[in-house]
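Peer 1: sequence and predicted structure below; questions after.
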Amino acid sequence: MEDTKHEGKTQQIISKPKVVLLSGFALTVLFLFAFGCYGCSYQPITLPDTEQAIDTMARLRNSSWILDETEGTATLEELYDLALLTISFSPQSQEQQGLSMELGFAHMPAMYGHLFYEEDEGFTFSLGQDVLPITVVYSLSRDGKSETLTLVGQESNKHCYYLKL
């Protein structure tokens, strides 16, 4: 009879090192779930086909973007190492394949350019008559909540990221 009384009252005591180890493991799992997909939330950079280009132009129309300065103010050699802080697109396309845009630089007056699409090269833009060796990539997060505009220098391979305002 004594054995049955002791079996019902047995408890396992967890030592302090085991508690620390288990709580550390729980925190690690929590951080993996919370931040595991942070870097993979954007789709990879690919050149759009014609249908995607039309959709992208519609999304860019009448929108404004600001430079993501989390890693400092990025510049592109292809843009004469000027700090391009903001990009604003016109509400209407002036040509069938392009949009006018206003470029806001640090410590300079705004400049006006033209974004256009070429099937073999994707989106690029011009300032005046000069076509700059910069590829413009629009991406939408998988959950559809975040939009990013990336300027990629074709010669320097540097990336500047812009977030939608």
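Peer 2: Received, thanks. Numbers count the residues shown, from 1 in each chain.
Peer 1: excluding chain neighbours, what is closest to Val152?
Peer 2: Of all residues beyond its chain neighbours, the one nearest Val152 is Thr135 (4.6 Å), with distances taken as Cβ to Cβ, 6 or more residues apart in numbering. In short, each C-beta sits where N, CA and C put it, glycine included.
Peer 1: help me confirm that that neighbour is found in a strand?
Peer 2: Yes: counting by DSSP: H, G, I helix; E, B strand; the rest coil, Thr135 is part of a strand.
Peer 1: what score does Gln12 have for pLDDT?
Peer 2: Turning to Gln12, the model gives it a pLDDT of 74.
Peer 1: is it true that Glu155 touches Thr135?
Peer 2: No: in terms of Cβ atoms under 8 Å, Glu155 does not count as a neighbour of Thr135; the distance is 11.0 Å.
Peer 1: ok, the two, which is more surrounded?
Peer 2: When Glu155 is set against Thr135 and neighbours are counted by other Cβ atoms under 10 Å, the residue ahead is Thr135, at 19 against 10.
Peer 1: give me the number of residues near the closest residue to Pro133 other than its chain neighbours?
Peer 2: Spatially, and ignoring its direct neighbours in sequence, Pro133 is nearest to Gln154 (4.1 Å; Cβ to Cβ, 6+ apart). When neighbours are defined as other Cβ under 10 Å, Gln154 has 13 of them.
Peer 1: state the distance from Gln154 to Leu132.
Peer 2: Plainly put, Gln154 is 9 Å away from Leu132 if you go by Cβ to Cβ, to the nearest Å.
Peer 1: which ones are touching the residue nearest to Pro133?
Peer 2: 78, 133-135 (Cβ atoms under 8 Å, 6 or more residues apart in numbering).
Peer 1: dump those to a markdown table, plus pLDDT and distance to Glu69.
Peer 2: A markdown table is the format used below for the contacts of Gln154 (pLDDT from 0 to 100; distance: Cβ to Cβ, whole Å):
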| residue | pLDDT | distance to Glu69 |
| --- | --- | --- |
| Glu78 | 91 | 19 |
| Pro133 | 93 | 23 |
| Ile134 | 92 | 19 |
| Thr135 | 91 | 21 |
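Peer 1: most neighbours, which of these?
Peer 2: When these are compared by neighbour count (other Cβ under 10 Å), Ile134 ends up highest, at 22 neighbours.
Peer 1: that one is in contact with Leu79, isn't it?
Peer 2: Yes: with contact taken as Cβ under 8 Å, Ile134 and Leu79 are classed as touching, separated by 6.6 Å.
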